[in-house]
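K.L.:
sequence and predicted structure below; questions after.
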Amino acid sequence: GFVGGKIGKDRMFELMDGFLKNDPISLQKDILHHVEYTVARSRFSFDDFEAYQALSHSVRDRLIERWHDTQQHFKKKDPKRLYFLSLEFLMGRSLSNSVINLGIRDQCAEALSQLGFEYEVLAEQEGDAALGNGGLARLSACQMDSLATLDYPAWGYGLRYQYGLFRQIILDGFQLEQPDYWLNFGNPWEIERVHVSYPVKFYGNVKEDVVNGKKCKVWIPGETVEAVAYDNPIPGYGTRNTINLRLWAAKPSDGYDIESYNTGDYINAIVNRQKAEIISNVLYPDDRSYQGKELRLKQQYFFVSASLQDIIRRFKDVHGNFDDFPDKVALQLNDTHPSISIAELMRVLLDEEHLGWKKSWNIVKQVFSFTTHTVLPEALEKVPVDLFQNVLPRHLEIIYDINYAFMEELKKKIGQDYARLARMSIVEEGATKNIRVANLSIVCSHTVDGVSRAHYELLKTRVFKDFYELWPEKFQYKTNGVTQRRWIVVSNPSLCALISKWLGTDSWIRDIDLLARLREYASNSDLQKEWMMVKKINKMRLAEYIETMSGVKVSLDAMFDVQIKRIHEYKRQLLNILGVIHRYDCIKNMDKNERKKVVPRVCIIGGKAPPGYEIAKKIIKLCHAVAETINNDDDVGDLLKLVFIPDYNVSVAELVIPGSDLSQHISTAGHEASGTGSMKFLMNGCLLLATADGSTNEIIEEIGAENMFIFGAKINEVLTLREQDSTVEAPLHFVRVVRMVREGYFGFKDYFKSLCDTLENGKDFYLLGSDFASYLEAQAAADIAYVDKKKWNEMSILCTAGSARFSSDRTIEDYAEKTWGIKPCKCPF
Ligand SMILES: [N-]=[N+]=N[C@]1([C@H](N)O)O[C@H](CO)[C@@H](O)[C@H](O)[C@H]1O
């Protein structure tokens, strides 16, 4: 019903003068309005940041309009909704993505230039919303953009961290972490919903009780905090649909402990209240898993409980019977971080809705789907039973009951195979008993998705082999994807314009399969000329940024060779650095003529190391030590440069990727579940030098290995290579470069000892030595291809032309059809 419904819709629009207009004058009016009344600065003197704030609020107004209409439409149509539960969303900046998806970028730029401001300058004022670590977190953000653009009725739920992922400060080549207080100057892209808040309980104990003559359990909590909603409108591209990312912040609950007040210990009372807010304060900065951290478990339960209360309230607003719940609600678990929601939904249906075990279980197992992003069994989350007992006593009971029923069912199927029963149990026995959250997620979900086909094969044969043999039909995969809106249209406008020109339409932005038509022009010299120009423009921007950030001047004629991703041993940034040392060593030993044939390289590495991960931090230091030597060696000059880009995040990626010629995705095969960086480079015509790992296998299928530089052991060869007799000598040139580091050629001899130790004496778990020769061959092949500009540009165009399959639009359509069972619900006007 319309608030103040008496005046009716049309009159309402008359009074509102219809929707906000997007012509430059109207935008100007709104910007000046916000300067005066929102930013509260005089309209006659305000700076770039205030102009950015005013512009952002003007754009936000347009998002809110669309958000209201979309939610109104969903309410009317009551479609099955998807609820995407994720502890991480790496959104990056919102301004440019919003004006592009609203289709008002040029109008904004026009409105601003008449006010004496430059759009690009204002866009730089925005800080990243870095509410996540790496691939998993950015994938969530890309998927939200596709869900909105494809008009699916979906909501994202997560945590509103006060501190996002730490800022990486490099001091003398060492990584230091600085808190990212991103909300310091407010956040125009969120709307605080003070009226949308829910109590979340912790600790305490469970009592037996009788309700309506039926015995039931009642959880008496020891602590309650309030979850308050902050809404972040997510606009679709080329549609009015604007969906919601609802992030929860912890606030002290209204109840106050009379005790402290009575004892006059007022300050202590406040401090206790503040404690509540810690829950949503800080993002855990490690994309590996966390064992047994109490705050981590509280974060997971906090956002899950608030989200489920919100979801059930919305359902019950329309439906009186929970039998309809599975037809109206799909709950997506983005890895195991939100999996406690399974026990929470059971608790609500059992203890609050009193539906009984059978009915509650029947509902739960129809609504959950689980996507795992991990390949390494040791990275699967486990929570100590003691911790569970203390923080969530009722949920532990429910998990025990779920496991008991599961074990009974399993025994019927596999008999007394105790070893397998023990492996599959949700409860891990042993010195410390643990809850295996991944097993809980598999047992209670109707679908278990891997994030690439190679990952799916590993889940079937290794990670979840026991479960696959029991429930093969549950296991599927949805190869990851990235959104072309942010990764071409926003970050590479000149390439966007060029593609639209040659395709004669820009509808590829919503219908990316059209990109394939570029294939017919791949060797067209006119396109190639313009293609090279676009790359050059982006390389100039990147070169400027490199000089600003590192003081290193780089030549645009050099090949820009890039590896940007979280620092991790399995991603083998160390192999890259050893390859650079080898290249340097070769150049040093060349005579003048030989040097003439060298293809100049600028090697660019970027990425954050988890604060507690020493080896990863040493890899960052080694990169700086090697760069110090090479970049100051005039003898080598522009033939080779090594640069570490600090504080890598979404916005830095948007600058680096368009300016890259070659990108490296060189993980030890069988370790990268998918990888998504490779897909962004592909879309931007950057060639891939990679191992056949994760989603790269599907990229090879789409692009053809002849347009890539593939090397190294295959997934099915790695285990045998590892078992191989460790005394097998590593190739000479590998031994040589490791020895150069070990003997202090780049200094810090003692500091790098442990790093070298990971590579020698039969250790080398990630097979850098055995892959070194083919790695150098692939690098040499890239050099040869690069000097053949016609060939290189043809390969580059074919990369972009074949990148459609790796759009998150395709990923979302796969999920919608095969996992979630949701249909588009387009807002009519
Ligand atoms: N967590 N996690 N997993 C990852 C990434 N580290 O975030 O998820 C990403 C998104 O699925 C994958 O692309 C990547 O291979 C995988 O390692």
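P.N.:
Here it is on my side, so go on. This one's a predicted model, so the numbers in the text were calculated from it and none came from an experiment. Numbers count the residues shown, from 1 in each chain.

K.L.:
helices of the stretch 401-550 of the chain, start to end?
P.N.:
Ranges of helices within the stretch 401-550 of the chain are 418-424, 437-444, 453-458, 465-470, 484, 493-503, 525-550, based on DSSP state H, counting those that start in this stretch.

K.L.:
neighbouring contacts of the first one?
P.N.:
Read it as helix 418-424. Helix 418-424 has contacts (Cβ atoms under 8 Å, 6 or more residues apart in numbering) with 406-407, 410-411, 414, 429, 439, 466-467, 470. C-beta: built from backbone N, CA, C; applies to glycine.

K.L.:
with those in mind, which one is nearest to the ligand?
P.N.:
Proximity of the contacts of helix 418-424 to the ligand (Cβ to the nearest ligand atom) peaks at residue 439, which lies at 17.8 Å.

K.L.:
got a list of what that closest one touches?
P.N.:
With contacts defined as Cβ under 8 Å, 6+ apart, residue 439 is in contact with 424-426, 467.

K.L.:
mind putting those residues in JSON lines, neighbour count and pLDDT included?
P.N.:
Below are the contacts of residue 439 laid out as JSON lines (neighbours: other Cβ atoms under 10 Å; pLDDT from 0 to 100):
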{"residue": "424", "neighbour count": "21", "pLDDT": "98"}
{"residue": "425", "neighbour count": "18", "pLDDT": "98"}
{"residue": "426", "neighbour count": "22", "pLDDT": "98"}
{"residue": "467", "neighbour count": "20", "pLDDT": "98"}
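
K.L.:
closest one to residue 622 among the helices of the stretch 401-550 of the chain?
P.N.:
In terms of Cβ to Cβ, the element of these nearest to residue 622 is helix 525-550, at 15.9 Å.

K.L.:
show me where pLDDT drops low in the chain?
P.N.:
Scanning the chain for pLDDT under 70 picks out the ranges 1-18, 254-264, 272-273, 287-292, 725-729, 829.

K.L.:
kindly recompute the last result at 80.
P.N.:
1-19, 211-212, 214, 254-275, 286-292, 377, 724-730, 761-762, 829 (pLDDT under 80).

K.L.:
the ligand contacts on that one?
P.N.:
Within reach of the ligand by Cβ under 6 Å from any ligand atom, the chain has these residues: 134-136, 139, 287, 373-374, 451, 480, 672-676, 694.

K.L.:
most neighbours out of the residues you listed, which is it?
P.N.:
Neighbour counts for the residues of the chain next to the ligand, by other Cβ atoms under 10 Å, peak at residue 694, which reaches 32 neighbours.

K.L.:
quick one, what contacts that one?
P.N.:
451-452, 454-455, 667, 672-675.

K.L.:
farthest-separated two in the residues you listed?
P.N.:
Within these, 451 and 667 form the most distant pair, 13.8 Å apart (Cβ to Cβ).

K.L.:
follow-up on the earlier one: from the residues of the chain next to the ligand, pick the one nearest residue 393.
P.N.:
Closest approach between the residues of the chain next to the ligand and residue 393, by Cβ to Cβ: residue 374, at 28.3 Å.

K.L.:
from what I see, that closest one and residue 672 are in contact.
P.N.:
No. Contact criterion Cβ atoms under 8 Å: residue 374 and residue 672 do not qualify, at 10.6 Å.

K.L.:
run through the helices of the stretch 551-700 of the chain in chain order.
P.N.:
Counting by DSSP H, counting those that start in this stretch, the stretch 551-700 of the chain has helices at residues 573-588, 592-596, 614-631, 650-656, 677-683, 696-703.

K.L.:
and for the longest one, what's in contact with it?
P.N.:
If I follow you right, that is helix 614-631. For helix 614-631, the external contacting residues (Cβ under 8 Å, 6+ apart) are 170, 172-175, 552, 567-569, 573-574, 577, 580-581, 584, 605, 609-610, 636, 640-644, 741, 745-748, 751-752, 754-755, 758.

K.L.:
now do the residue in the chain that the ligand sits nearest to against residue 374, distance only.
P.N.:
Residue nearest to the ligand within the chain: residue 135 (3.0 Å; Cβ to the nearest ligand atom). As judged by Cβ to Cβ, to the nearest Å, residue 135 and residue 374 stand 11 Å apart.

K.L.:
next: residue 434.
P.N.:
Taking Cβ to Cβ, one finds residue 434 at 16 Å from residue 374.

K.L.:
give the contact list for the residue nearest to residue 541 when sequence neighbours are not counted.
P.N.:
The shortest distance from residue 541 to any non-neighbouring residue, by Cβ to Cβ, 6 or more residues apart in numbering, is to residue 659 (6.0 Å). Residue 659 makes contacts with 535, 538-543, 560, as judged by Cβ under 8 Å, 6+ apart.

K.L.:
out of the residues you listed, which is nearest to residue 781?
P.N.:
So of the contacts of residue 659, ranked by how close each gets to residue 781 (Cβ to Cβ), first place is residue 560, at 17.1 Å.

K.L.:
and the closest one, what does it touch?
P.N.:
By Cβ under 8 Å, 6+ apart, the contact set of residue 560 is 539, 542, 554, 602, 604, 659-662.

K.L.:
got it, and residue 240?
P.N.:
When contacts are counted by Cβ under 8 Å, 6+ apart, residue 240 touches 66, 69-70, 826-827, 829.

K.L.:
sorry, back to before: can I get the helices of the stretch 551-700 of the chain in a markdown table with distance to residue 39 and mean neighbour count?
P.N.:
Formatted as a markdown table, these follow (distance: least, Cβ to Cβ, whole Å; neighbours: other Cβ atoms under 10 Å):
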| stretch | distance to residue 39 | mean neighbour count |
| --- | --- | --- |
| helix 573-588 | 42 | 22 |
| helix 592-596 | 57 | 10 |
| helix 614-631 | 39 | 21 |
| helix 650-656 | 22 | 21 |
| helix 677-683 | 34 | 28 |
| helix 696-703 | 45 | 20 |
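
K.L.:
Throw the ones you listed into CSV and include distance to residue 28, thanks.
P.N.:
Below are the helices of the stretch 551-700 of the chain laid out as CSV (distance: least, Cβ to Cβ, whole Å):
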stretch, distance to residue 28
helix 573-588, 47
helix 592-596, 57
helix 614-631, 46
helix 650-656, 27
helix 677-683, 34
helix 696-703, 45
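
K.L.:
nearest to residue 733 among the ones you listed would be which one?
P.N.:
Using Cβ to Cβ, the nearest of the helices of the stretch 551-700 of the chain to residue 733 is helix 573-588, at 5.8 Å.

K.L.:
so that closest one versus helix 614-631, what angle?
P.N.:
Counting by axes from the mean of the first three to the mean of the last three Cα atoms, to 10 degrees, helix 573-588 lies at 20 degrees to helix 614-631.

K.L.:
domains of this protein?
P.N.:
Here the domain assignment for the chain is 78-93+128-479, 539-806, based on automatic domain parsing.

K.L.:
I'd like those domains as JSON lines, with distance to residue 99 appended.
P.N.:
Below are those laid out as JSON lines (distance: least, Cβ to Cβ, whole Å):
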{"stretch": "domain 78-93+128-479", "distance to residue 99": "9"}
{"stretch": "domain 539-806", "distance to residue 99": "15"}
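
K.L.:
what distance separates stretch 395-406 from the centre of its chain?
P.N.:
Stretch 395-406 has its C-alpha centroid displaced from the chain centroid by 31 Å (Cα atoms, centre = their mean, to the nearest Å).

K.L.:
try stretch 49-56
P.N.:
Stretch 49-56 sits 27 Å away from the centroid of its parent chain (Cα atoms, centre = their mean).

K.L.:
cool, stretch 780-789 as well?
P.N.:
That offset, for stretch 780-789, works out to 33 Å (Cα atoms, centre = their mean).
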